[in-house]
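Peer 1: Next one to model:
(one chain, ligands or ions: 1)
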Amino acid sequence: MVYVYSYFIYCAYFILDWVVVLITELLYRLRKEEFLKHKREANVYWVSDLIKCPIKREFEIKYPEIALTNIYSPYYILGDLIHKGLESIVSENLGAQVEVEKSRDVQLSNGKKVVVKGRIDCIITTEEGEKVGIEIKSARADIGIPQQHHIDQVKIYNWLFDLSRSILIYVTYNRVTEYEITERASMEEVIYRIEDRRAPRYPWECNYCIYSILCPYKITK
Ligand code: SF4
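Peer 2: So this is what the prediction gives:
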């Protein structure tokens, strides 16, 4: 009898271990496939590049294997799941298009041509035919929201997708709330952001930057 009981305990542990490994491996695999799908190109600027340190973008092109380690980050996995959940709710209930991608050609002040690409979380079309963007943000806390670089990102989406307004929604541990952003970036602002070499772009960026392990511009104070 003791032998049979021990055998069942052993089987239960084995099955549990198998399930845990199966699901985490699936998450890692899907995240890796998604990462590898979006190979960085020198003449392509994603909207997210225009609101962050320009040196970080250069490191992402040069050392993609360092950024790849983010696929294992529990914080980013949680953010990803919140995005996917909310996107499917908005899609099922409001008929939204999700993860919509668009690009625009931009000529810089030195004549060089580059491409600005963006992928907004959702776009809904109202009964009046108005297209409204939705950008989802998840965070541990609601301190300082809406954050300026998130507002800037949505303003650039309004320019890229030709939207009259967008909703910036935050899902945090202590608040779920949303902000309407009606401002739209201009072509001049987009060019300025591509050419701006300030590094970092915001004083707090180095604290969260995966390239701080090798960056000579890291702010340490
Ligand atoms: S460590 Fe700071 S300056 Fe260096 S790439 Fe990262 S954000 Fe930019």
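
Peer 1: Would you mind measuring from the residue lying closest to Gln107 once chain neighbours are set aside to Ile23?
Peer 2: Nearest residue to Gln107, sequence neighbours excluded (C-beta to C-beta, 6 or more residues apart in numbering): Lys113, at 5.4 Å. Using the backbone N, CA and C atoms, a C-beta is placed for each residue, glycine as well. According to C-beta to C-beta, to the nearest Å, Lys113 stands 45 Å off from Ile23.

Peer 1: next one: Tyr192
Peer 2: Tyr192 is 45 Å from Ile23, by C-beta to C-beta.

Peer 1: Also Asn70?
Peer 2: From Asn70 to Ile23 the distance is 19 Å (C-beta to C-beta).

Peer 1: So which of those two has more stuff around it?
Peer 2: Asn70 (13 against 10; other C-beta atoms under 10 Å).

Peer 1: Give me every residue in this protein lying close to the ligand.
Peer 2: Applying C-beta under 6 Å from any ligand atom, one finds that the chain approaches the ligand through 53, 55-56, 59, 199-200, 205-206, 209, 211-212, 215, 217-218.

Peer 1: PyMOL command to pick out the buried ones of those residues?
Peer 2: Filtering the residues of the chain next to the ligand down to the buried ones (16 or more other C-beta atoms under 10 Å) takes a single PyMOL command:
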select buried, resi 53+55+56+59+199+200+205+206+209+211+212+215+218
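
Peer 1: Can you add secondary structure and pLDDT and give the residues of the chain next to the ligand back as a markdown table?
Peer 2: As requested, the residues of the chain next to the ligand are arranged in a markdown table below (DSSP: H, G, I helix; E, B strand; the rest coil; pLDDT from 0 to 100):
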| residue | secondary structure | pLDDT |
| --- | --- | --- |
| Cys53 | coil | 98 |
| Ile55 | helix | 97 |
| Lys56 | helix | 97 |
| Phe59 | helix | 97 |
| Ala199 | coil | 96 |
| Pro200 | coil | 96 |
| Glu205 | helix | 96 |
| Cys206 | helix | 97 |
| Cys209 | coil | 96 |
| Tyr211 | helix | 97 |
| Ser212 | helix | 96 |
| Cys215 | coil | 97 |
| Tyr217 | coil | 96 |
| Lys218 | coil | 96 |
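
Peer 1: Next up, the contacts around the residue positioned nearest the centre of the chain.
Peer 2: Taking C-alpha atoms, centre = their mean, the centroid of the chain lies closest to Ser48, which sits 7.5 Å from it. Residues near Ser48 by C-beta atoms under 8 Å, 6 or more residues apart in numbering: Gln153.

Peer 1: so how far is the longest strand along the chain off the chain centroid?
Peer 2: Determined from DSSP state E, the single longest strand within the chain is strand 113-125. How far strand 113-125 lies from its chain's middle: 12 Å, per C-alpha atoms, centre = their mean, to the nearest Å.

Peer 1: helices and strands around it, which ones?
Peer 2: The contact analysis (3 or more C-beta pairs under 8 Å, 6 or more residues apart in numbering; DSSP states H and E) places strand 113-125 against strand 44-46, helix 74-94, strand 97-107, strand 131-139, helix 148-160, helix 187-195.
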